[in-house]
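> Turn this into a structure:
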Amino acid sequence: MKNIVLIGFMGSGKSTIASVLSNRLNMAHIDSDTYIEEETHMSIIDIFKFKGEDYFRFLESKFIQSFCNTSDYVISTGGGMPIFNDIEDLGIIIYLDATFNVIRNRIEQANIDQGNKRPLFDDIQKAYSLYNDRQSIYKAKSNYCINANQNLDMIIDDILNTLDLNYI
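Numbers count the residues shown, from 1 in each chain. Below you'll find the model as predicted:
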């Protein structure tokens, strides 16, 4: 089966959904940010801090090259990957469309539960502006758009039904 590529703004649920979806479909899950961190032995924050955004986008392009001729992966991408890179050859692209308020609540909850701090959300106005700037690009680069404001099971069911994989 072609790769299934999940895109969307940070906090839209890409990694969580990809993990569950990959189990349901018996496919491998790969998170592009985690892959880059493992390959470079650096956190994404440190890559940005010490090497710069251009270098990080270069690493994303290398990731795309590595996985564009593969299959049977559910790929969760970083929020900026489809903004700064051509991803159409990675597979079937699904945009997880969540409202800014839902995303903000998820990020705040993750920060409370796991100490998972997102520096961009230190400035809510900046985060909201970036969110608005990216919405049309996510939609344009996706094959399908899924309502990611729902609970996890409903999102998974919507993806499976959209891809006509509900027999699994």
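> So what pairs up with the residue nearest to residue 4 when sequence neighbours are not counted in the strands?
Distance criterion Cβ to Cβ, 6 or more residues apart in numbering; nearest residue to residue 4, sequence neighbours excluded, is residue 74 at 4.9 Å. Just so you know, the C-beta spots here come from the backbone N, C-alpha and C atoms, and that holds for glycine as well. Note on residue 74: beta-bridge partners by DSSP bridges are residue 4, residue 29.
> Which residues are in contact with residue 74?
The neighbours of residue 74, taking Cβ atoms under 8 Å, 6 or more residues apart in numbering as the test, are 3, 4, 6, 18, 21, 22, 25, 27, 28, 29, 30.
> Mind putting these into CSV with distance to residue 145 and neighbour count?
Below are the contacts of residue 74 laid out as CSV (distance: Cβ to Cβ, whole Å; neighbours: other Cβ atoms under 10 Å):
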residue, distance to residue 145, neighbour count
3, 18, 21
4, 14, 27
6, 12, 27
18, 16, 24
21, 16, 23
22, 20, 19
25, 20, 19
27, 21, 18
28, 24, 12
29, 21, 20
30, 22, 19
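> just those residues now: which is nearest residue 41?
Residue 41 has its nearest neighbour among the contacts of residue 74 in residue 30, at 17.4 Å by Cβ to Cβ.
> does the closest one really touch residue 73, like I thought?
Yes - at 5.4 Å, residue 30 counts as touching residue 73 under the criterion of Cβ atoms under 8 Å.
> shared neighbours, those two?
residue 67.
> Any buried residues in stretch 130-138, and which?
Along stretch 130-138, these residues count as buried under the neighbour rule (16 or more other Cβ atoms under 10 Å): 130, 131, 134, 138.
> want to throw these into JSON lines with distance to residue 57?
JSON lines is the format used below for the buried residues of stretch 130-138 (distance: Cβ to Cβ, whole Å):
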{"residue": "130", "distance to residue 57": "15"}
{"residue": "131", "distance to residue 57": "19"}
{"residue": "134", "distance to residue 57": "15"}
{"residue": "138", "distance to residue 57": "17"}
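> TSV please, covering those residues and showing distance to residue 163 and secondary structure.
Compiled in TSV, these are given as follows (distance: Cβ to Cβ, whole Å; DSSP: H, G, I helix; E, B strand; the rest coil):
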residue	distance to residue 163	secondary structure
130	29	helix
131	26	helix
134	24	helix
138	18	helix
